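Visitor: Fold the following, please.
(one chain, ligands or ions: 1)
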Amino acid sequence: MSPSKEENPYCSRCGHPVEKRFLEGRERRYCPQCTRILYDNPVPVVTAVVLKGPQVLLVKRGIEPRRGWWSLPSGFIEVGENAQEALVREILEETSVSIVKVRPLPSLSQEGVRYASILILPFLADYLSGTPLGGDDAAEAAFFPLSDLPELAFPSHRLILESALASL
Ligand SMILES: [Zn+2]
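Guide: Sure thing, here's the model as predicted:
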């Protein structure tokens with residue numbers, strides 16, 4: 001499980017109630033029992049711009065937030081995976097599409113809907129094989145012409161797509 005947006009009011013090491021203190025430049029959770037700062041870190045999310053000629057792979061979201069909207073396929077990294085491995089797995093699970101030539105794009109930091117903070121790790125990739133079919137958290141998957149895209153679920157995905165196309 002990924003860390004939830006709900007802050008744990010207790011120290012994860014000793015169970016003592018934590019306090020808010022201004023430390024190292026920002027308000028942080030602090031355990032007075034073990035005199036430890038409980039750092040909050042963003043949850044990394046991988047996202048892909050998968051191109052097949054002049055088309056890009058999108059998924060229709062089957063879960064909240066933004067259920068029913070089209071977005072770039074994305075997902076959380078599992079323990080033991082690097083970002084590229086997570087991306088290849090997520091794309092296959094959500095769309096039945098295999099990808100190649102995975103290369104990184106600039107990352108984005110964003111306040112999450114379900115998580116306090118997410119770090120989006122976007123990648124550009126090429127289509128290799130497979131017929132798009134929605135799976136896992138995706139209700140549908142399809143290639144859309146770049147010239148005729150639906151409105152995307154998240155403004156960040158539009159920025160990622162523009163950045164990916166500018167890098168070609
Ligand atoms: Zn503690």
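Visitor: List, one by one, the residues from this structure near the ion.
Guide: Applying CB under 5 Å from the ion, we find that the chain lies next to the ion at 11, 13-14, 16, 31, 33-34. No exception for glycine: its C-beta is placed from N, CA and C like everyone else's.
Visitor: Go again with 8 Å.
Guide: 11-16, 18, 31-34, 36 (CB under 8 Å from the ion).
Visitor: What are the buried residues along the lowest-mean-pLDDT helix or strand in the chain?
Guide: Within the chain, confidence by mean pLDDT, DSSP states H and E is lowest for strand 108-111 among all helices and strands, at a mean of 88. By 16 or more other CB atoms under 10 Å, the buried positions in strand 108-111 come out as Leu108.
Visitor: That one pairs with which strands, and in what direction?
Guide: Paired neighbours of strand 108-111 in the sheet (DSSP bridges): strand 117-129 (antiparallel).
Visitor: Check which element follows the partner strand along the chain.
Guide: Once the chain leaves strand 117-129, the next helix or strand it forms, by DSSP states H and E, is strand 138-145.
Visitor: Run through who's touching whichever helix or strand comes after that following strand.
Guide: Following strand 138-145 in sequence order, the next helix or strand is helix 155-166 (DSSP H and E). Here helix 155-166 makes contact (CB atoms under 8 Å, 6 or more residues apart in numbering) with 47, 49, 51, 56, 71-72, 105-106, 108, 110, 120, 122, 124, 146, 149, 152.
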